[in-house]
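Novice: this is the structure alone, sequence omitted:
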């Protein structure tokens, strides 16, 4: 069968498809230690809350109604109105339901946004997405219709005590030319757990406004929900910001509910795309959390159950790693949020893909780090080949067993 250029681009090997294939393999093989994917943990308090809410919504008929009726292409009106009201009340944002669209997951949203705001324009101009700090999310790399649509800046790296380190935006090296269509960051960052400071976000906002382009913030793990963020930062949004959120890391990845908050003209465009490509986004997720948004419980549950659960898991996993693989063989990015630990094996004598394959042969699934540097063109920069992403949020015995395998394989290599 002869595929079009579109077909060839989107059927070739990609890091995100390798990750999801590994996730599926882990479901089929109960012996596999799955520390690669981004599946959220089963938090007992949240599972009970989901169960209670689903039972109530089923009894009232609302859950069934969400499955047997289409919503509009912008998403469930009742939900977007409630979310806008919550954000106005909590943060004083000048926002209405017209500023919010739902999508079938965040991955869907970023495909729309990147190709709306970058790529080839009718007058022949070509614009790119700028990542001011790499590494960045693996799912961005293959979501562009145009080739070479991403450009990224290497981070400033600060070495910290106890074998930790931290990435920051290197503003001195950051260049924003006429060919940049938008600036994109994730906060917290997947894969590293890095959290851009309030000052870094304000500075990026100033640069975006000065250049007449939007600032896109991927807030899938961030504040106010699911609040998997271990430093004190303020939620950020204004008329030049596109803020993307999700119900996945709240604990509902199967509902595939992404949330885009932005200018009304952009939201209308998202709705048009959704109508053409999907007819409408799914309504089960919004229905499940509708009452929590209306009464603010979505913020309370995030603060009381989700954040402390993951923070404790991250600290424990760091301790296990440092005991098993002491510095200087291993550096760990300071865990500030998200579900992952970012491991840097400085001077690793093999490529991270080879390390991934050796670990996989031992039954441990992680994600090789080189996939997380979209837009980095310097092939000689060794740092990008020396890192792994590890999901610390799974069961403690799995995490400990995985760390033991990692330590054994590294001992053979180094």
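Specialist: Looks like it came in fine. These numbers were taken from a predicted model, which means no experiment stands behind them.
Novice: among the helices and strands of this protein, which has the poorest mean pLDDT?
Specialist: Across the helices and strands of the chain, mean pLDDT, DSSP states H and E gives its lowest value to helix 15-28, namely a mean of 57.
Novice: avg pLDDT for the next helix or strand along the chain from it?
Specialist: Counting by DSSP states H and E, the element after helix 15-28 in chain order, helix or strand, is strand 33-34. Regarding strand 33-34, the rounded mean pLDDT is 92.
Novice: tell me the gap between strand 33-34 and the middle of its chain.
Specialist: 20 Å (C-alpha atoms, centre = their mean, to the nearest Å).
Novice: same check, this time on stretch 310-328
Specialist: 22 Å.
Novice: likewise stretch 228-242?
Specialist: Put simply, stretch 228-242 sits 14 Å off its chain's centre (C-alpha atoms, centre = their mean).
Novice: ok, now stretch 50-65?
Specialist: Worked out by C-alpha atoms, centre = their mean, stretch 50-65 lies 28 Å from the chain centre.
Novice: how about the helices of the stretch 1-150 of the chain, start to end?
Specialist: 5-11, 15-28, 44-60, 62-68, 77-91, 106-117 (DSSP state H, counting those that start in this stretch).
Novice: typo on my end, it should be the stretch 251-400 of the chain
Specialist: 264-277, 284-295, 297-301, 307-324, 352-361, 396-413.
Novice: and the angle from the last one to helix 307-324?
Specialist: To tie it back to what came earlier, the one meant is helix 396-413. 30 degrees (axes from the mean of the first three to the mean of the last three C-alpha atoms, to 10 degrees).
Novice: which other helices and strands does helix 396-413 contact?
Specialist: strand 33-34, helix 307-324, helix 352-361, strand 364-365 (3 or more C-beta pairs under 8 Å, 6 or more residues apart in numbering; DSSP states H and E). In this view, the C-beta of every residue, glycine as well, is placed from N, C-alpha and C.
Novice: kindly calculate the angle that it makes with helix 352-361.
Specialist: Going by the same axes, to 10 degrees, helix 396-413 makes 120 degrees with helix 352-361.
Novice: and helix 396-413, what's buried?
Specialist: Buried residues in helix 396-413, counting neighbours by 16 or more other C-beta atoms under 10 Å, are found at 399, 402, 403, 405, 406, 407, 409, 410.
Novice: which of those lies closest to residue 157?
Specialist: residue 410 (20.9 Å; C-beta to C-beta).
Novice: that closest one reaches residue 345, doesn't it?
Specialist: Yes - at 6.9 Å, residue 410 and residue 345 qualify as touching, with contact defined as C-beta atoms under 8 Å.
Novice: overlap of the contact sets of the two?
Specialist: Residues touching both residue 410 and residue 345 comprise 329, 330, with contact defined as C-beta atoms under 8 Å, 6 or more residues apart in numbering.
Novice: before we move on, back to that, among the helices of the stretch 251-400 of the chain, which is nearest residue 75?
Specialist: Nearest of the helices of the stretch 251-400 of the chain to residue 75, taken as C-beta to C-beta: helix 284-295 at 6.7 Å.
Novice: so where's this protein shaky on pLDDT?
Specialist: Scanning the chain for pLDDT under 70 picks out 13-29.
Novice: care to break it down by domain?
Specialist: Domain ranges of the chain: 12-46+301-413, 68-298, per automatic domain parsing.
Novice: now the ones you listed as a markdown table including distance to residue 52?
Specialist: A markdown table is the format used below for these (distance: least, C-beta to C-beta, whole Å):
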| stretch | distance to residue 52 |
| --- | --- |
| domain 12-46+301-413 | 11 |
| domain 68-298 | 11 |
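Novice: show me the one of those that comes nearest residue 6.
Specialist: Closest among those, using C-beta to C-beta: domain 68-298, at 7.3 Å.
Novice: start and end of that closest one, how far apart?
Specialist: This stretch, domain 68-298, spans 25 Å end to end (C-alpha to C-alpha, to the nearest Å).
Novice: numbering from 51 from now on, please.
Specialist: Happy to do that; since the first residue is 51 now, the last one works out to domain 118-348.
Novice: how far off centre is it?
Specialist: So, by C-alpha atoms, centre = their mean, the centroid of domain 118-348 is 9 Å from its chain's centroid.
Novice: that older thread, out of the domains of the chain, nearest to residue 105?
Specialist: The nearest among those, by C-beta to C-beta, is domain 118-348 at 11.1 Å.
Novice: next, format the helices of the stretch 301-450 of the chain as JSON lines and append distance to residue 204.
Specialist: Shown next, in JSON lines, are the helices of the stretch 301-450 of the chain (distance: least, C-beta to C-beta, whole Å):
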{"stretch": "helix 314-327", "distance to residue 204": "30"}
{"stretch": "helix 334-345", "distance to residue 204": "37"}
{"stretch": "helix 347-351", "distance to residue 204": "36"}
{"stretch": "helix 357-374", "distance to residue 204": "25"}
{"stretch": "helix 402-411", "distance to residue 204": "17"}
{"stretch": "helix 446-463", "distance to residue 204": "25"}
